[in-house]
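Trainee: Make a model of this:
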Amino acid sequence: MSSVHGTGPRSASRSAGTRVKLLDSFELVCDGTTLRLPMSAQRVVVFVALHSRPVQRSYVAGSLWLDSCEERAQANLRSALWRIHRCNQRLVEVRGQQLALGSDVAVDLRQVQELAQRVLHDCTSHDVDVDASALAGDLLPDWYEDWVMFERERFRQLRLAALDVLCERLTRAGRLRDALDVGLAAVAGEPLRESAHRAVIRVHLTEGNVAEAIRQHRLCRRLLRERLGIEPSARMRELMRDVDMANTVR
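Mentor: Numbers count the residues shown, from 1 in each chain. Sure thing, here's the model as predicted:
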């Protein structure tokens, strides 16, 4: 997906410092150098990074090593923390019985969450200069632990909603090529999300591409029928009503 121009999290995150990448894959970058961590240490970093406040050591150990007794879980956590601090002392801070990400550590997920919230809640804004490509990535898609999957789904819903809103905003601004890129990214993120299909159809109708709008509508209807056994909503029928009437007249 091409980016809607403007300053976004990904451009800002290239600056020096400590950066944790959670979108698409895990990566730890310190002053421009990629550092390697064993998986046990990665899990601790990710778990702490997914919490905006300090978390209790016992909670971290119990959540990450569910099948171990408390003593063994705490030992595993101590070992992981030793490896983390050996790699980067600033990454995870130990505050008594609490753990927190270092205050100077940037996390791409948090930056994109803030971007999505701005898009969704600044309803009076006409600003469309948003780095839309930042909203295309999923949280650690190849991690299958429950605590990651829950956060992944929550973030996915947030970013897809932001893409829907941004697509509509770009359409109103007449930036139809950018709007189409953003709308198709939302459809790719969740093909069963009808609101994303509606946004793409509106772009096509605004461009005068009725055939493309009909094709997108048929794709949406087929996906909903085959995978969910349902028909498109009344909002979709209303959107396509003028198109159907025009075809009937012809």
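Trainee: Using PDB, list the CA coordinates for stretch 135-145.
Mentor: Extracted in PDB, the C-alpha atoms of stretch 135-145 (Å, rounded to 0.1, in the frame of the first residue of the first chain):
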ATOM      1  CA  LEU A 135      -1.800   1.100   9.900                       C
ATOM      2  CA  ALA A 136      -1.100  -1.900   7.700                       C
ATOM      3  CA  GLY A 137       0.900  -4.100  10.100                       C
ATOM      4  CA  ASP A 138      -0.400  -6.700  12.600                       C
ATOM      5  CA  LEU A 139       1.000  -7.200  16.100                       C
ATOM      6  CA  LEU A 140       3.500 -10.200  16.000                       C
ATOM      7  CA  PRO A 141       1.400 -12.300  13.500                       C
ATOM      8  CA  ASP A 142       3.500 -15.400  14.100                       C
ATOM      9  CA  TRP A 143       3.200 -15.400  17.900                       C
ATOM     10  CA  TYR A 144       0.300 -17.700  19.100                       C
ATOM     11  CA  GLU A 145       0.300 -17.200  22.900                       C
END
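Trainee: Of all the residues in the longest helix along the chain, which ones are buried?
Mentor: For the chain, the helix that runs over the most residues, judged by DSSP state H, is helix 146-172. Neighbour counts over helix 146-172 (16 or more other Cβ atoms under 10 Å) mark 148, 151-152, 155, 158-171 as buried. Bear in mind the C-beta positions are built from the backbone N, C-alpha and C, glycine included.
Trainee: Compute the inter-axis angle for the helix or strand just after it and helix 146-172.
Mentor: Moving toward the C-terminus from helix 146-172, the next helix or strand (DSSP states H and E) is helix 176-189. Going by axes from the mean of the first three to the mean of the last three Cα atoms, to 10 degrees, helix 176-189 is angled at 160 degrees with respect to helix 146-172.
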